[in-house]
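**Q** Take this sequence and fold it.
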Amino acid sequence: LVIFMFIVSWQTLNSVDVNSPDAQTKIRAVAGQFQWTFEYLDQDDKTVYTEYQPLTEKGGGMYVPAGRKVQLALFVSPKDVIHAFYVPQFLFKRDVVPGRTTAFDFTVNESDAGQTFRGQCAELCGTLHSTMLFDVKAVSPS
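**A** Below you'll find the predicted structure:
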């Protein structure tokens with residue numbers, strides 16, 4: 001039973017933590033006490049545009065094209081604390097460990113274009129932890 005569970009878990013982890021080289025959109029989410037910053041990258045991983053937090057009337061979230069593969073890299077400064085990237089509708093949570101970059105791929109369904117999903121830090125990170133909220137806005141690829 002233990003061997004079976006190990007094999008199933010190993011296969012699941014390998015499919016969840018996939019980083020494909022052909023991601024159509026690359027974003028780096030930088031966590032910091034007590035805000036998120038989203039950097040949109042070109043194919044050479046150079047920053048093209050930066051969206052700052054916290055949420056405001058003018059925006060303050062992460063925009064992703066629906067129906068396209070998005071590679072999201074999570075980073076936090078080595079001098080900061082552990083944070084967590086959590087979007088309930090995506091059914092996953094990733095820890096953001098100081099000094100390490102964690103990356104994964106995901107795709108928002110095309111039928112979800114125009115939707116806004118709430119995200120948050122899910123790791124108690126200090127006094128203003130409750131302010132680490134963000135939106136993920138699914139937009140049409142065009």
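**Q** does Phe4 sit in a helix, a strand or a coil?
**A** helix (DSSP: H, G, I helix; E, B strand; the rest coil).
**Q** cool, Asp80 as well?
**A** coil.
**Q** you'd agree it is up against Val30?
**A** No. Counting by Cβ atoms under 8 Å, Asp80 stays clear of Val30, with 9.7 Å between them. C-beta coordinates here come from the backbone N, C-alpha and C atoms, glycine included.
**Q** Give me the more crowded residue out of these two.
**A** Counted by other Cβ atoms under 10 Å, Asp80 and Val30 do not tie: Val30 has more neighbours, with 21 against 18.
**Q** Checking my notes, the more buried one in a strand, right?
**A** Yes. Counting by three-state DSSP, Val30 is found in a strand.
**Q** looking at the sheet around it, what are its partners?
**A** Thr37, Phe75 (DSSP bridges).
**Q** In this structure it contacts Trp36, no?
**A** Yes. Checked against Cβ under 8 Å, the pair Val30 and Trp36 is within contact range at 7.1 Å.
**Q** Could I get the phi/psi values of the residue lying closest to Gln71 once chain neighbours are set aside?
**A** Spatial nearest neighbour of Gln71, excluding adjacent residues (Cβ to Cβ, 6 or more residues apart in numbering): Ala23 at 3.5 Å. Main-chain torsions, Ala23, degrees, to the nearest 10: phi -60, psi 130.
**Q** Please enumerate residues in contact with the lowest-mean-pLDDT helix or strand in the chain?
**A** Least confident helix or strand, the chain: strand 47-52 with a mean of 80, by mean pLDDT, DSSP states H and E. Strand 47-52 is contacted by residues 28, 35, 37-42, 59-63 when judged by Cβ atoms under 8 Å, 6 or more residues apart in numbering.
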